[in-house]
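Asker: What follows is a predicted structure for the sequence shown.
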Amino acid sequence: MSAANVIRPGEHSKASCSLAALGIVNALGRGPEEIWPRLLAADQGHFCRRDDLVPDRDLLVAAVSGSLPEIPSRLKRYACRNNALLMAALQQIEKPIADIIDAVGRSRVAVVIGSSTSGVSDAEAAIRHQHETGELAKAFYYDQLEFGGASSFVSDLLRLDGPSYAISTACSSGARALATARSLLALDVCDAVIAGASDSLCGLTANGFSSLQVVSDEITNPLSIHRKGMTLGEGAAVFLVTRDSGGIQLRGVGESTEAHHMSAPDPEGCGAEQAMRDALKDAALEPAQIAYLNLHGTGTPLNDAMECAAIDRVFSNSPPCSSTKGLVGHILGGAGAVEAAFCWLILSERISGNLDLIPHAFDGQLDPALPPLRLVPSEGLRVPAGPVMTNSFGFGGNNCTLILEATS
Amino acid sequence: MIAATVRRWSAWSPGLEDADAWSNWCTAPTELVSEGRPEARFLPAMLRRRCGSLSRIMLTAAFDCCEEAEISEVATVFASRHGNINESIDLLDRLAERQPLSPTVFSHTVHNAQAGLFSIAAANRRASSSIAAQQDSFACGYLEALTLLERDPDRPVLLVVGDVPLAPTFAPLVEEPAGSYGLGLLLARDGEGTELAFGRHAGADEPEAARWPDAIEFLRWYLSGESSLVLGSARRPWKWERLQ
């Protein structure tokens, strides 16, 4: 084959990457119009208690309420709550997706979906059925459970033939899906990507994180002296990602691992620091240019301590920061995409050159042992527009920081 | 198509534990064996105890594919269709009986468990991704490795692909080639090695039904000296070509 038809990785690394459209669902609601005002109001009224997740515990969670779209019968092997959440997000951007398929063709649209749960909640029901009757539930298919089922579902739902895969690096999965989308465009294996993530409440994560003693009995309270752990949430955020140079751009990606521990971050936050520094370098930005930072901010003692320490080292002056986990819970594999979506909303709702920032939802009792960050107060904050950053740190020590910016 | 150089490879399957064994196997390939796992003596005893078969196999392929100076410096992609689902099924059985979960077991069932264990064992703090794509997991892992090269072109990427058979609960639900295996490929933008082009296959010929896992089909082709390989489905056919 001739060398002219071959590209080498890195040749087009400065290609633009537009987050052209967003579909989103979580405990706050469905779609930007419903979710944005509730974010700005720091509305904590969407948590509920569930007694069906962890034995003998009324677990506080941020669940998506109401019915979800029905998976078409031709795709019944993918029918699970996780994919219904994806479908609820995708339905919001049907038109722009249809337009891009018309423009570039089905084989030039890729799908990259992050998840840490996939359809495990439905597998739990199937296995319970097996324990009771000796047979798996009839409606159970392996495609519901396996990680690759989430991306295959999206491809099959939209009848796309481009590359399609799932990323599962625990709580950084959703951020990584967007990083991959940008690189797939730069490598010219596609002209558009459906990229995002979905995670759904299930017994496995609820019991697993409870066993690690990192789940709070009250709404998570990030950076507070009273913080006692995370609150689990669920939801999905899906972007249409294109090579357009306008709109809201994914400008920087930073990624690191920790070589430390499978379920606890490095207490010094070295991996978190590396991810933020690399994202700034990738975006060719100075720390002082960052207008807002969406924290990983899980509300566990260890995460918040190491994240604040890392931010303190990267930024000589803290940018305005907030954790949105006190509003939608920790969506685990979905969190990176959902929180990138919150950054996207801040940028897309900018008013005459200013950004309205999302308040940091907590009890107001900042832990004095933490390096002081500039937290967005409960009444909100309006700042001059600039690039915004979001942190995602996962199990296994997998970190990913993204920087988004609106073109003028 | 996208060019990248395979600097080195390694593979492990029960009874096929070094390069000579694989070269011999390629002359008369037989079905892969499912039972068996490597000793993985390079792992500290503490970590080794926590490694199930898949982790031992994938980490053995990973360590065999790198020289000592590289192991902490490469970026990594771990690709597996099933990952640790067998261990997750054990946890789901416990949940069905309302039994408590072990926090250690739970933290080792995440899909990126092998990546996390590798990072700790290799003192590697570089970028790492873990992916799954049903039947397409090998080709998509290869593509994900190229995306990491795209973001950091001077840093080689270690791609590790592997699977073990599904536990009996779910095995009847999935049709796939038999065997436990792991394949490591050290990919770089250029330098010493075999330069390959990879991309979507444009031809009309459909890929043949796979007798071996795609990663092992790739290794057979790589060692065969043939000019090109097509894997995947009619809907998503992938092609590799030798450039030199």
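Answerer: Yep, it's here. Numbers count the residues shown, from 1 in each chain, chains lettered A, B, ... in the order given.
Asker: residue ranges of the strands in chain B, please?
Answerer: Assigned strands in chain B, in chain order: B:2-12, B:75-79, B:128-132, B:157-163, B:181-188, B:194-200, B:228-232, B:237-242 (criterion: DSSP state E).
Asker: Make CSV out of those and add mean pLDDT and distance to chain A.
Answerer: C-betas here are computed from N, CA, C, even on glycine. Output for these, formatted as CSV (pLDDT from 0 to 100; distance: least, CB to the nearest CB, whole Å):
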stretch, mean pLDDT, distance to chain A
strand B:2-12, 98, 5
strand B:75-79, 98, 8
strand B:128-132, 98, 4
strand B:157-163, 98, 9
strand B:181-188, 98, 9
strand B:194-200, 97, 5
strand B:228-232, 94, 9
strand B:237-242, 96, 6
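Asker: Out of those, which is closest to B:Gly116?
Answerer: Taking CB to CB as the criterion, strand B:128-132 is the member of those that comes nearest to B:Gly116, at 8.4 Å.
Asker: partners of that closest one, with directions?
Answerer: Strand B:128-132 has these partner strands in its sheet, going by DSSP bridges: strand A:164-167 (antiparallel), strand B:75-79 (parallel).
Asker: what's the angle from it to strand B:157-163?
Answerer: On the basis of axes from the mean of the first three to the mean of the last three CA atoms, to 10 degrees, strand B:128-132 is oriented at 30 degrees to strand B:157-163.
Asker: got the contact list for strand B:128-132?
Answerer: For strand B:128-132, the surrounding residues in contact (CB atoms under 8 Å, 6 or more residues apart in numbering or on different chains) are A:146-148, A:165-169, A:176, A:180, A:255, A:257, A:398, B:75-83, B:111-112, B:114-115, B:118-119, B:137, B:140-141, B:144, B:147-148.
Asker: Only alpha carbons, please: show it as CSV.
Answerer: What follows is the C-alpha trace of strand B:128-132 in CSV, where atoms were taken according to Å, rounded to 0.1, in the frame of the first residue of the first chain:
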residue,chain,number,x,y,z
SER,B,128,-4.0,3.7,30.9
SER,B,129,-7.3,2.7,29.3
SER,B,130,-9.4,-0.5,29.7
ILE,B,131,-12.0,-1.3,27.0
ALA,B,132,-14.5,-4.0,25.9
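Asker: how close does the residue located most distally from the centre of chain B sit to chain A?
Answerer: Ranking residues of chain B by C-alpha distance from their mean position (CA atoms, centre = their mean) puts B:Arg98 at the top, at 34.4 Å. Between B:Arg98 and chain A the distance is 5 Å, computed by CB to the nearest CB, to the nearest Å.
Asker: ok now do that residue, which residues does it touch?
Answerer: The contact partners of B:Arg98, by CB under 8 Å, 6+ apart, come to A:Pro55.
Asker: any idea how far it lies from A:Val54?
Answerer: 10 Å (CB to CB, to the nearest Å).
Asker: next one: B:Val105
Answerer: 16 Å.
Asker: Among the two, which residue is more densely surrounded?
Answerer: Looking at B:Val105 and A:Val54 with other CB atoms under 10 Å in any protein chain shown, you find the greater number of neighbours at A:Val54, namely 21 against 18.
Asker: is it true that the more buried one touches A:Ser210?
Answerer: Yes - because the distance of 5.2 Å satisfies CB atoms under 8 Å, A:Val54 is recorded as touching A:Ser210.
Asker: Between its first and last residues, how far does stretch A:191-205 reach?
Answerer: For stretch A:191-205, the separation between the terminal residues is 35 Å (CA to CA, to the nearest Å).
Asker: For it, which residues meet the burial criterion?
Answerer: Neighbour counts over stretch A:191-205 (16 or more other CB atoms under 10 Å in any protein chain shown) mark A:191-205 as buried.
Asker: Which members of these occur in helices, if any?
Answerer: Residues of the buried residues of stretch A:191-205 located in helices (DSSP state H): A:Gly203, A:Leu204, A:Thr205.
Asker: Out of these, which comes closest to A:Arg374?
Answerer: Nearest member of these to A:Arg374, counting by CB to CB, is A:Thr205, at 32.0 Å.
Asker: so what's the closest one up against?
Answerer: Per CB under 8 Å, 6+ apart, neighbours of A:Thr205: A:Ser116, A:Thr117, A:Val120, A:Asp199, A:Leu232, A:Leu332.
Asker: still on that earlier bit, can you put the strands paired with strand B:128-132 in TSV and add mean neighbour count and distance to B:Arg155?
Answerer: As requested, the strands paired with strand B:128-132 are arranged in TSV below (neighbours: other CB atoms under 10 Å in any protein chain shown; distance: least, CB to CB, whole Å):
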stretch	mean neighbour count	distance to B:Arg155
strand A:164-167	31	19
strand B:75-79	28	5
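Asker: All the helices of the stretch 101-250 of chain A, in order from the start?
Answerer: A:120-133, A:142-145, A:148-158, A:173-186, A:203-211 (DSSP state H, counting those that start in this stretch).
Asker: hey, which of the ones you listed is tucked in deepest?
Answerer: The highest mean neighbour count among the helices of the stretch 101-250 of chain A belongs to helix A:173-186 (a mean of 30), with neighbours defined as mean count of other CB atoms under 10 Å in any protein chain shown.
Asker: and it, how far out from the chain's middle?
Answerer: 12 Å (CA atoms, centre = their mean, to the nearest Å).
Asker: for chain B, which spans come out with low pLDDT?
Answerer: Along chain B, no part satisfies pLDDT under 70.
Asker: Centre-most residue in it?
Answerer: Looking at chain B with CA atoms, centre = their mean, the centroid-closest residue comes out as B:Val161, 0.5 Å off.
Asker: Got the phi and psi for the nearest residue to A:Gly297 once chain neighbours are set aside?
Answerer: By the measure of CB to CB, 6 or more residues apart in numbering or on different chains, the closest residue to A:Gly297 outside its immediate chain neighbours is A:Ser323, 2.5 Å from it. Taking degrees, to the nearest 10, you get phi -100, psi 130 for the backbone angles of A:Ser323.
Asker: before we move on, what about B:Glu39?
Answerer: Geometry field for B:Glu39 lists phi and psi as phi -70, psi -30, criterion degrees, to the nearest 10.
Asker: Which residues are in contact with it?
Answerer: Taking CB under 8 Å, 6+ apart as the definition of contact, the neighbours of B:Glu39 are B:Arg56.
Asker: which residues sit in contact with residue 127?
Answerer: Using chain A. The contact partners of A:Ile127, taken as CB under 8 Å, 6+ apart, are A:Leu136, B:Ile89, B:Leu92, B:Asp93, B:Leu95, B:Ala96, B:Thr169.
Asker: that's the other chain; I wanted chain B
Answerer: The neighbourhood of B:Ala127, defined by CB under 8 Å, 6+ apart, consists of A:Glu255, A:Ser256, A:Thr257, B:Ala75, B:Thr76, B:Leu148, B:Arg151, B:Asp152.
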